[in-house]
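Engineer: This is a predicted model, with the sequence first.
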Amino acid sequence: MADKARQKAAWVLSVFHTRSPMIMLTLYKSVVRSLLEYCWPLWNSRKVSDIQELECVQRTFTARIAGVQHLDYWERLKKLSLISLQRRRERNILLHMKKILQGSVSNDLRISFVERPRTGVKAVVPSLRSGATVYHQSVYDNSFAAMGPRLWNCLLV
């Protein structure tokens with residue numbers, strides 16, 4: 001995914017000679033970021049190297065936008081009204097969890113919620129069957145079924 005997004009970013013930068021923030025952000029969001037976000041619900045790596053590889057594409061592209069080249073990555077994101085891809089992914093997971101709670105989308109994973117007087121609505125993190133291999137545990141830990149409830153439970157509501 002990152003390689004294809006990098007290629008598209010290079011194409012955009014070579015074809016469009018303007019570095020105007022409005023034009024570059026429009027191109028980035030429609031051509032490059034869509035590739036970086038493709039299949040996020042299925043591909044949900046928590047490996048730091050994978051996350052950094054995706055962020056590198058955004059970091060490199062935003063460094064070429066006029067008026068923000070001198071800023072560091074986090075300042076560029078703030079100035080351009082963007083957020084990191086990792087935070088964006090977490091935000092989308094939380095929004096989907098909220099839709100599951102409200103019944104707006106189907107709950108295919110049968111995620112359940114419990115109301116607790118002191119802490120509010122918490123999601124139940126389903127456990128994997130005992131005796132699962134390390135590989136299966138790792139895949140499960142990165143899945144939406146485990147990651148969504150864990151992120152939801154981190155919210156201070």
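Structural biologist: It's in. Numbers count the residues shown, from 1 in each chain.
Engineer: Tell me which helix or strand the residue sitting nearest the centre point of the chain sits in.
Structural biologist: The chain has Arg89 as the residue nearest its centroid, 1.7 Å off, counting by CA atoms, centre = their mean. In the assignment (DSSP states H and E), Arg89 maps to helix 85-102.
Engineer: mean confidence score for that helix?
Structural biologist: In this model, helix 85-102 carries a mean pLDDT of 91.
Engineer: now do stretch 110-119
Structural biologist: So the average pLDDT for stretch 110-119 ends up being 89.
Engineer: In space, what's closest to Met24 - neighbours in sequence excluded?
Structural biologist: If the residues on either side of it in the chain are set aside, Met24 comes closest to Ile65, at 4.7 Å by CB to CB, 6 or more residues apart in numbering. (Glycine included, C-beta is placed from N, CA and C.)
Engineer: which parts of the lowest-mean-pLDDT helix or strand in the chain are buried?
Structural biologist: When each helix and strand of the chain is scored by mean pLDDT, DSSP states H and E, helix 134-141 comes last, with a mean of 82. Neighbour-count burial for helix 134-141 flags Tyr140 (criterion: 16 or more other CB atoms under 10 Å).
Engineer: Repeat that for stretch 21-28.
Structural biologist: In stretch 21-28, counting by 16+ other CB under 10 Å, buried: 21, 24-25, 27-28.
Engineer: quick one on the thing from earlier: count of neighbours near the nearest residue to the residue nearest to the centre of the chain once chain neighbours are set aside?
Structural biologist: Spatially, and ignoring its direct neighbours in sequence, Arg89 is nearest to Trp40 (5.6 Å; CB to CB, 6+ apart). By the criterion of other CB atoms under 10 Å, Trp40 has 17 neighbours.
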